[in-house]
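Engineer: Return atomic coordinates for the entry below.
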Amino acid sequence: MQVAEVSPRLEALRCRAEALARDTAQAESGFTAVKSEKDLQGLQGLLSRQQEMERAVSEILQGQLEELERAAAHLQELCPARLCPVSREVQGTLWAWAGLRELLQETRARVQQAGRLRHFFKDYLAMISWTEDTRAQIFSESPSSLPETPCEELERKIEGKLKEFEVLAALGQQLVSEEHYLSATIKERLEELQSMLGWVLVRWRAQRHQRDLGSKQEDRRDAESPSGASPTGQVSTEPR
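Structural biologist: Numbers count the residues shown, from 1 in each chain. The predicted model follows:
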């Protein structure tokens, strides 16, 4: 009775778990060519599918399978010297249940890893966009044209992005340490971003230095200008 109810559900869940594993791998494979955050939306439904399967197990199958386990143990007590047909059927279902639990555990780990991978590429794209915009801003403005307040604001943003990169690099290293098959791509993206951020930092410091140097030279000229000169630069010759 119990076996006839549980076995089809176990098989259905096994098929769903295998399909989820394939879909996760397919979604991850597209990350090598990701161009925008829209390209990452394929992973959003994977976690919900995993959670649905977990609920189906905990809310429906768990109690029935525990009852089957008790029934199997009871049958072993009744006929310890041999396996009756019902006992073999129950044991086969319990083996299928053990296999499903292992498959669900692997799928859960894979989906969670895919979530971390999505987070990595999402933050990577945001930082690449910011870096390109900032580089264009630095190219378009001369040192003397940068007011003090925007300079300080940009300085804070650059420092903030460098800290964000450290967090992103740690996440990337975690994925690499897990021997993800996209490890080479992750390393390439981190090296690319590190190079771009390094360029922004060096270029900005050079531009800031030129600006500060220009300000000092201007202040020196103002200090050296004759205080007694008329607006036209000539000494007054009016009779005393």
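
Engineer: shaky segments in this protein?
Structural biologist: With pLDDT under 70 as the threshold, the chain has low-confidence stretches at 1-2, 39, 41-42, 75, 79-87, 141-150, 211-240.

Engineer: Could you name the helices and strands sitting against the top helix by length along the chain?
Structural biologist: Secondary structure of the chain read by DSSP state H shows that its longest helix is helix 85-140. Identification of packing neighbours for helix 85-140 by 3 or more Cβ pairs under 8 Å, 6 or more residues apart in numbering; DSSP states H and E yields helix 2-29, helix 44-56, helix 62-78, helix 148-177, helix 183-224. For every residue, glycine as well, the C-beta is placed using N, CA and C.

Engineer: got the angle for it vs helix 148-177?
Structural biologist: In this structure, helix 85-140 runs at an angle of 150 degrees to helix 148-177, with axes from the mean of the first three to the mean of the last three Cα atoms, to 10 degrees as the basis.

Engineer: So what's the gap between helix 85-140 and the chain middle?
Structural biologist: Mean-position distance between helix 85-140 and its chain equals 11 Å (Cα atoms, centre = their mean, to the nearest Å).

Engineer: Repeat that for stretch 17-33.
Structural biologist: The gap between where stretch 17-33 is centred and where its chain is centred comes out at 16 Å by Cα atoms, centre = their mean.

Engineer: in that stretch, what's buried?
Structural biologist: 17, 20-21, 23-24, 27-28, 31 (16 or more other Cβ atoms under 10 Å).

Engineer: re the thing from before, quick one, the longest helix of the chain and helix 44-56 angle?
Structural biologist: Orientation check (the same axes, to 10 degrees): helix 85-140 against helix 44-56 gives 150 degrees.

Engineer: the inter-axis angle of helix 85-140 versus helix 62-78?
Structural biologist: Using the same axes, to 10 degrees, the inter-axis angle of helix 85-140 relative to helix 62-78 is 150 degrees.

Engineer: Which one of the buried residues of stretch 17-33 is nearest to residue 165?
Structural biologist: For residue 165, the nearest member of these is residue 31. The distance, counting by Cβ to Cβ, is 18.9 Å.

Engineer: residue contacts, that closest one?
Structural biologist: Taking Cβ atoms under 8 Å, 6 or more residues apart in numbering as the contact definition, residue 31 lies against 39-40, 117, 121, 182, 185.

Engineer: Can you go through these and name the buried ones?
Structural biologist: Listed as buried from those are 40, 117, 121, 182, 185; burial here means 16+ other Cβ under 10 Å.

Engineer: For residue 36, grab phi and psi.
Structural biologist: phi -150, psi 170 (degrees, to the nearest 10).

Engineer: Give me the spatial nearest neighbour of it, chain neighbours excluded.
Structural biologist: Leaving out its chain neighbours, the residue that sits closest to residue 36 by Cβ to Cβ, 6 or more residues apart in numbering is residue 125, at 6.6 Å.

Engineer: Also residue 56?
Structural biologist: Taking Cβ to Cβ, 6+ apart, and ignoring the residues beside it in sequence, residue 56 has residue 13 as its nearest neighbour in space, at 6.4 Å.

Engineer: Neighbours of that neighbour, how many?
Structural biologist: Residue 13 has 20 neighbouring residues, counting by other Cβ atoms under 10 Å.

Engineer: That one touches residue 57, doesn't it?
Structural biologist: Yes. Using Cβ atoms under 8 Å as the test, residue 13 is close enough to residue 57 to be in contact (7.0 Å).
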